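> Fold the stuff below for me.
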Amino acid sequence: MSLAQVASRALLGMDAPPVTVEVHLSPGLPGFTIVGLPEAEVREARDRVRSALLNSGLGFPSNRRIVVNLAPADLPKESGRFDLPIAIGLLAAQGLIPSGQLQGHTFAGELSLTGELRPIRGALAMACALTPPPAPPAADGQRLVLPLASAHEAALAQTVTVIGARDLPQVVAYLLQQDGAAQPVQQPLPVPPSSQPQPDLAEVRGQAAAKRALEIAAAGGHHVLMVGPPGSGKSMLAQRFVGLLPPLRREQALQSASVLSLAGRFDPALWGQRFLRSPHHTASAVALVGGGAGVIRPGEISLAHAQVLFLDEIPEFDRHVLEALREPLETGRIHISRAARQAEFPAQFQLIAAMNPCPCGYLGHATRACRCTPEQIARYQGRLSGPLLDRIDIHIEVAALPPDTLLQLPQGEPTARIAARVAAAQDMAQQRQGGLNATLQGAALDLHCALGAKEREFVAQAVSRLGWSSRATHRVLRLARTIADLSQSRNISVAHLAEALQLRRALAQS
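Numbering: from 1, shown residues only. The predicted model follows:
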């Protein structure tokens, strides 16, 4: 036959829309044309596919006119993932592979000039798109043929049968049921244990109030802003925060790995593990929230989905970059719209931010005088807008340590002991409402953060005196609910509310 159709997948944000690769051979002036809105790297597949077929000892119709259509035509196609389906389509169009063998298979992979298959971005997202997670693996007979390295990644989804191949001849042998064929990837790659010791919170001297604030933040999924002079331990605290969090649930691990796969940064060693991302303050808005001139890529907030995002020296970030965080902090998602493309990425990260109280850093310091004028202080702190601060649950002061405390041996609680309390509090919240307290909204907030008459009066007086917005008030209630969970209390007391109120006043007091 002179016409073949091969199934593949494109990438559009977290989605992997289906693409049909149609290959037609016809008599006439020899040529190789690819249509269907291909990007430059897709058009270059002509040379890669020709060389891969010839160097693999497979047939290439050099005396025929070749037209490859990537349908649907209005969907942009990018990357080298279409090399493999184009090559398979050429072989099927020549009759070297029976067309019936292609049914139920989806192909994706980049070819080298020798016919070797190179890994691609988004293999895990493709596997998740082929079969919804509730269905058992290969329930509809679908098989995903990928480069071997990408196949191990896609097998983590456990939704379809994944075939891993090192080169093009292995794929052909698999379709023709010959020896040396590519084989299904039965199990994901084993996750190697971490050989590097994790930093322990006990190594941080003093800062009992800051450690308590981080414990509350970990237990409830709350965002944190730490304010303090240089060298007070803000970065050390942030780097040890990840150790307080329980392991990721499978659905969280799958979402996190899928986003990393889209950016080509997936590492099997990170599967199911917590980590911290810390972009530099020179990062642009596109780098932080995602986007791009051509292909829309996930930004740092999406790469930190289900993880921790640490923004050190947060006032040094551009104002419009910080303002772009307002929507994802509230919704846990980011929708990116461009003239020709739109994409949505998950962005349910936990923010840990750190800043100095003033430009010189020593406002309120016990021994060093601040050199900043009131106007400079107001301008510096004003880089964080009120709406952005409203979305950060905890504002904690990290004061400079006195010399006697700094020179003492570490005496704080180890991370493991605090993490046990965090896990117990999270289990209590999960059993009660099916999620962490930071996500409580609407009727669920009213139900699970219900107050008695004395507690309502206490909160009303505090909110009236401080002039807080309704959003800030609701965040205080969520904090109080988390503090109650840490004490394994079913009801929120005045003591829980008082501690919650203190966790939102550091910046105002500086």
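
> domains for this structure, by residue range?
Domain ranges of the chain: 3-184, 201-436, per automatic domain parsing.

> Now do the end-to-end distance for the shortest one.
Start-to-end span of domain 3-184 (Cα to Cα, to the nearest Å) is 28 Å.

> With stretch 71-91 instead?
End-to-end span of stretch 71-91 (Cα to Cα): 19 Å.

> ok, back up a step: select, out of the domains of the chain, the one closest to A484.
Set against A484 and scored by Cβ to Cβ, those come closest in domain 201-436, at 9.0 Å. C-beta here means a position set from N, CA and C on the backbone, and glycine is covered the same way.

> so who does the nearest residue to R391 once chain neighbours are set aside touch?
In this structure, R391 finds its nearest non-sequential neighbour in L329, 4.3 Å apart by Cβ to Cβ, 6 or more residues apart in numbering. Neighbour list for L329: H223, L351, L388, R391, I392 [criterion: Cβ atoms under 8 Å, 6 or more residues apart in numbering].

> Include secondary structure when you put those residues into a markdown table, please.
Listed next are the contacts of L329 as a markdown table, based on DSSP: H, G, I helix; E, B strand; the rest coil:
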| residue | secondary structure |
| --- | --- |
| H223 | coil |
| L351 | strand |
| L388 | helix |
| R391 | coil |
| I392 | coil |
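
> Lowest-scoring secondary structure element of this structure by mean pLDDT?
Ranked by mean pLDDT, DSSP states H and E, the weakest helix or strand in the chain is helix 506-509, scoring a mean of 46.

> Measure how buried G57 is and give me the count.
Neighbour count of G57, defined by other Cβ atoms under 10 Å: 10.

> so who does the closest residue to it other than its chain neighbours touch?
Leaving out its chain neighbours, the residue that sits closest to G57 by Cβ to Cβ, 6+ apart is P169, at 7.5 Å. Contact analysis of P169 by Cβ under 8 Å, 6+ apart lists S56, G57, L58, G115, G180.

> For ChimeraX, what selects the buried ones among those?
The ChimeraX selection below is limited to those of the contacts of P169 classed as buried (16 or more other Cβ atoms under 10 Å):
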select :56,58,115
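
> thinking again about what came up before, can the domains of the chain go into JSON lines with extra columns for distance to A444 and mean pLDDT?
Converted to JSON lines, those look like this (distance: least, Cβ to Cβ, whole Å; pLDDT from 0 to 100):
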{"stretch": "domain 3-184", "distance to A444": "25", "mean pLDDT": "89"}
{"stretch": "domain 201-436", "distance to A444": "6", "mean pLDDT": "90"}
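
> Mind putting these into CSV with distance to G442?
Below are these laid out as CSV (distance: least, Cβ to Cβ, whole Å):
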stretch, distance to G442
domain 3-184, 26
domain 201-436, 12
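
> For Q488, find the nearest of the ones you listed.
domain 201-436 (6.8 Å).

> Show the end-to-end separation of that closest one, please.
23 Å.

> Which residues does the helix or strand containing A217 contact?
If you go by DSSP states H and E, A217 is part of helix 208-220. Helix 208-220 is contacted from outside by 201, 204, 222-224, 226, 233, 237, 241, 244-245, 350, 352, 393-394, 396-398, 412-413, 418-419, 421-422, 425-426, 429, 436-438, 478-479, 481-483, 485-486, 503, using Cβ under 8 Å, 6+ apart.

> Flag every buried residue along it.
For helix 208-220, by 16+ other Cβ under 10 Å, it's A210, K211, R212, A213, L214, E215, I216, A217, A218, A219, G220.

> give the contact list for the residue lying closest to the first one once chain neighbours are set aside.
So that's A210. Using Cβ to Cβ, 6+ apart and skipping residues adjacent in sequence, the residue nearest A210 is V398, 4.9 Å away. With contact set as Cβ under 8 Å, 6+ apart, V398 has these partners: Q207, A210, M226, V227, G228, S232, G233, K234, L237, A354.

> Apply the buried test to these and list what passes.
Neighbour counting over the contacts of V398 (16+ other Cβ under 10 Å) leaves Q207, A210, M226, V227, G228, S232, G233, K234, L237, A354 as the buried ones.

> Among those, which one sits closest to E323?
Using Cβ to Cβ, the buried ones among the contacts of V398 come closest to E323 at A354, 18.8 Å.

> SS state for the closest one?
A354 ends up strand, using three-state DSSP.

> and if you look at V321?
helix.

> so it touches L288, yeah?
Yes - contact criterion Cβ atoms under 8 Å: V321 and L288 qualify, at 5.6 Å.

> which stretches of the stretch 51-200 of the chain form helices?
Residue ranges of the helices in the stretch 51-200 of the chain, as given by DSSP state H, counting those that start in this stretch, are 83-93, 123-130, 148-154, 168-175.

> circling back to that earlier point, only C-alpha atoms, please: export the helix holding A217 in PDB.
The C-alpha trace of helix 208-220 is given here as PDB (Å, rounded to 0.1, in the frame of the first residue of the first chain):
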ATOM      1  CA  ALA A 208      12.400  28.300  68.500                       C
ATOM      2  CA  ALA A 209       9.600  30.600  67.300                       C
ATOM      3  CA  ALA A 210      10.600  30.200  63.700                       C
ATOM      4  CA  LYS A 211      10.800  26.400  64.000                       C
ATOM      5  CA  ARG A 212       7.400  26.400  65.500                       C
ATOM      6  CA  ALA A 213       6.000  28.400  62.600                       C
ATOM      7  CA  LEU A 214       7.600  26.000  60.100                       C
ATOM      8  CA  GLU A 215       6.000  23.100  62.000                       C
ATOM      9  CA  ILE A 216       2.600  24.700  61.700                       C
ATOM     10  CA  ALA A 217       3.200  25.500  58.000                       C
ATOM     11  CA  ALA A 218       4.200  21.900  57.300                       C
ATOM     12  CA  ALA A 219       1.200  20.500  59.100                       C
ATOM     13  CA  GLY A 220      -1.400  22.700  57.300                       C
END
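
> now that helix, how far from the chain's geometric center?
Taking Cα atoms, centre = their mean, to the nearest Å, the mean C-alpha location of helix 208-220 is offset from the chain mean by 23 Å.

> picking up where we left off before, so, if you compare the buried residues of helix 208-220, which one comes nearest to R64?
Using Cβ to Cβ, A218 comes nearest to R64 of the buried residues of helix 208-220, at 63.3 Å.

> Excluding chain neighbours, what is closest to that closest one?
Nearest residue to A218 in three dimensions, chain neighbours excluded: L244, at 3.9 Å (Cβ to Cβ, 6+ apart).

> Please give me every residue in contact with the one you found.
L201, L214, E215, A218, T415, I418, A419, V422.

> ok, the fifth one touching E203?
No - between T415 and E203 there is no contact under Cβ under 8 Å: 9.2 Å.

> Specify the local secondary structure of S8.
strand.

> Any idea what it is bridged to?
Beta-bridge pairing of S8 under DSSP bridges involves V19.

> so how far is R277 from it?
Here the criterion is Cβ to Cβ, to the nearest Å. By it, S8 lies 31 Å from R277.

> for H305, same thing?
Between H305 and R277 the computed distance is 10 Å (Cβ to Cβ).

> V171: neighbour count?
By other Cβ under 10 Å, neighbour count at V171 equals 29.

> That one and L91 touch, don't they?
No - applying Cβ under 8 Å as the test, V171 and L91 come out as separate, 9.5 Å apart.

> follow-up on the earlier one: now which of the contacts of L329 would you call buried?
Buried among these by 16+ other Cβ under 10 Å: H223, L351, L388, R391, I392.
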